[in-house]
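# whatever this is, show me its structure:
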Amino acid sequence: MGQRGRIIMYSALMIVALYFLFAGLIKAKPFLAPLLLGIVLSFLMYPVSRKLEMWGVHKVMATFLSTLLLLLVAVGFAFIVFTQVKSFTADWEEIQDRLTIQVEEMTDYLVERTPLTHDQIAGYGFGIGRRQSGESDSARGIYMIRSAFGYLTQLLIILVYVFLFIHFRGRFRRFILRLVPGDRQEQVSEIITKASAVSRRYLAGKLLLMVFLAILYYIGLLISGLENAFLISLLSAALSIIPVIGNLFGFFIAIAVSLLTDGGTGTLIGIAITFAMAQFIDTYILQPIVLGDKVDVHPVFIIISVVLGYLVWGLIGLVLAIPVFGMIAVICRYVPALKPFGYLFSMNHTAAEDNNTSEF
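This next block holds a predicted model:
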């Protein structure tokens, strides 16, 4: 077989391998997604457990307290969002009536200015549906209970993973080191340390940025006169975990809520100014200070990893995409056969650094 034939064969095998890899990841999501999220969160909470151990707390108790802290943060955030959503839905009937009037006015405008008729517009799905019966309410209630039970089960599984990975971290590390010859164990240990630090520093920095953004959004939206400003600020800050487009989603949500709650032109202008200023402060002031080059992944591959993570695992994939890809980039910089990929994936990595990096 000639060189061209080998290239074609290897390319075909690579495409088939990638297809089955991502198909397998999608199929194994119920098992792998909580497991990988538990690993990444254990990296995040490890410094807390380590600090408690340094203060004389028993290892088991330190691991339990760090896991409990993670649980309290998750439950606290969910409780705040739930109370704000409940407050928003309390006014839903009024919002629905107002939106119905707006849809009717838009329908009349389209009928007058275009060849469309009322029946044609109705066929496109315009209109605001209302709850029809007690049966639909009960079905909705059962669905909400099942969903809540499923989320709580997933949360419990993830917390168990976090506890186990923190508590038995030394055992897992020694297992990995035993897979390689003794003269390479120091190098592998360095890879493990740097790879875990990438995800930990990124998530910790991103959470801190979310707090800053939530405060900025809340102040701006409150001054703008937007109803439910606290809820919108929380959602917008949470969406900022999605690079580039996350803030746009938050902006459109704020605009939609303003239109639904009959916000005036001044409110819309205030929302635009708030998000523009927050984006500027986040990009040029907060991110360089808080995140810096903690991940060191090229923006092109950040976007690719986020899109791929969402397509494979949905919301969990969005959260895990950047820290996991950052760990992959660290590994690529140390393995000789993968160093070209390490150079490609990195933002600051240079060819000179390649020559100075010790080999695996």
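# CA only for contacts and neighbour counts going forward, please
Will do.
# buried stuff in stretch 206-216?
Of the residues in stretch 206-216, K206, L207, L209, M210, F212, L213, A214, I215, L216 count as buried by neighbour count, 16 or more other CA atoms under 10 Å.
# kindly report the same for stretch 246-257.
Within stretch 246-257, the residues that qualify as buried by neighbour count (16+ other CA under 10 Å) are N247, L248, F249, G250, F251, A254, I255, V257.
# so where's the stretch 201-350 of the chain shaky on pLDDT?
In the predicted model of the stretch 201-350 of the chain, residues 244, 263, 292-294, 348-350 satisfy pLDDT under 70.
# swap the cut-off to 50 and go again
For the stretch 201-350 of the chain, residues meeting the criterion pLDDT under 50 lie at 350.
# what about the helices in it?
Per DSSP state H, counting those that start in this stretch, the stretch 201-350 of the chain carries helices over the ranges 229-239, 246-260, 265-281, 287-290, 299-334, 339-345.
# just name the most buried of the ones you listed.
Per residue and on average, the most neighbours among these fall to helix 229-239, with a mean of 22 (mean count of other CA atoms under 10 Å).
# distance between that one and the chain's centre?
A distance of 14 Å separates the C-alpha centroid of helix 229-239 from that of its chain, computed with CA atoms, centre = their mean, to the nearest Å.
# grab the nearest non-local neighbour of the residue nearest the centre of the chain.
The chain has V319 as the residue nearest its centroid, 2.8 Å off, counting by CA atoms, centre = their mean. Once flanking residues are discounted, V319 sits nearest to I241: 7.0 Å by CA to CA, 6 or more residues apart in numbering.
# who's in contact with that neighbour?
By CA atoms under 8 Å, 6 or more residues apart in numbering, the contact set of I241 is K206, M210, L318, V319.
# okay if I get those residues as TSV plus distance to T153?
As requested, the contacts of I241 are arranged in TSV below (distance: CA to CA, whole Å):
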residue	distance to T153
K206	26
M210	26
L318	20
V319	19
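# tell me which two in those residues are the farthest apart.
Maximum pairwise distance among the contacts of I241 (CA to CA): 15.3 Å, between M210 and L318.
# just to revisit the earlier point, quick check on the residue nearest to V319: phi, psi?
Its backbone dihedrals place I241 at phi -70, psi -20, with angles given as degrees, to the nearest 10.
# relative to F22, how far out is it?
According to CA to CA, to the nearest Å, I241 stands 23 Å off from F22.
# kindly report the same for I271.
When I271 is compared with F22 (using CA to CA), they lie 40 Å apart.
# how does the chain divide into domains?
As assigned by automatic domain parsing, the chain contains the domains 30-127+137-167, 295-360.
# can you get me the start-to-end distance on stretch 250-269?
Taking CA to CA, the span from the opening residue of stretch 250-269 to its closing residue is 15 Å.
# chain center to that stretch: distance?
Relative to its parent chain, stretch 250-269 has a centroid offset of 25 Å by CA atoms, centre = their mean.
# list the contacts of it.
Contact partners of stretch 250-269, identified using CA under 8 Å, 6+ apart, comprise 95, 98-99, 224-227, 232, 235-237, 239-240, 271-272, 275.
# how about a cut-off of 6 Å?
Residues from elsewhere that reach stretch 250-269 (CA atoms under 6 Å, 6 or more residues apart in numbering): S224, G225, S236.
# for M14, which of the domains of the chain is the nearest?
With CA to CA as the criterion, M14 lies closest to domain 295-360 of those, at 15.4 Å.
# the closest one: how far from the chain's middle?
Relative to the centre of its chain, domain 295-360 is centred 17 Å away, using CA atoms, centre = their mean.
# for stretch 187-197, same thing?
Taking the mean C-alpha point of stretch 187-197 and that of its whole chain, the gap between them comes to 24 Å (CA atoms, centre = their mean).
# now swap in stretch 101-119 and tell me
With CA atoms, centre = their mean as the basis, the distance from the averaged C-alpha position of stretch 101-119 to the chain average is 40 Å.
# distance of L234 from I255?
L234 sits 15 Å away from I255, taking CA to CA as the criterion.
# which non-adjacent residue is nearest R178?
Here the nearest residue to R178 in space, its sequence neighbours aside, is Q185; by CA to CA, 6+ apart that works out to 7.9 Å.
# what does I192 give?
R173 (8.0 Å).
# mind showing which ranges of the stretch 1-150 of the chain have poor pLDDT?
By pLDDT under 50, the low-scoring segments of the stretch 1-150 of the chain are 128-135.
# ok, which stretches of it are helices?
Residue ranges of the helices in the stretch 1-150 of the chain, as given by DSSP H, counting those that start in this stretch, are 3-27, 29-54, 59-90, 92-113, 118-123, 134-167.
# deepest of these, which one?
Highest mean neighbour count of the helices of the stretch 1-150 of the chain: helix 29-54, a mean of 19 (counted as mean count of other CA under 10 Å).
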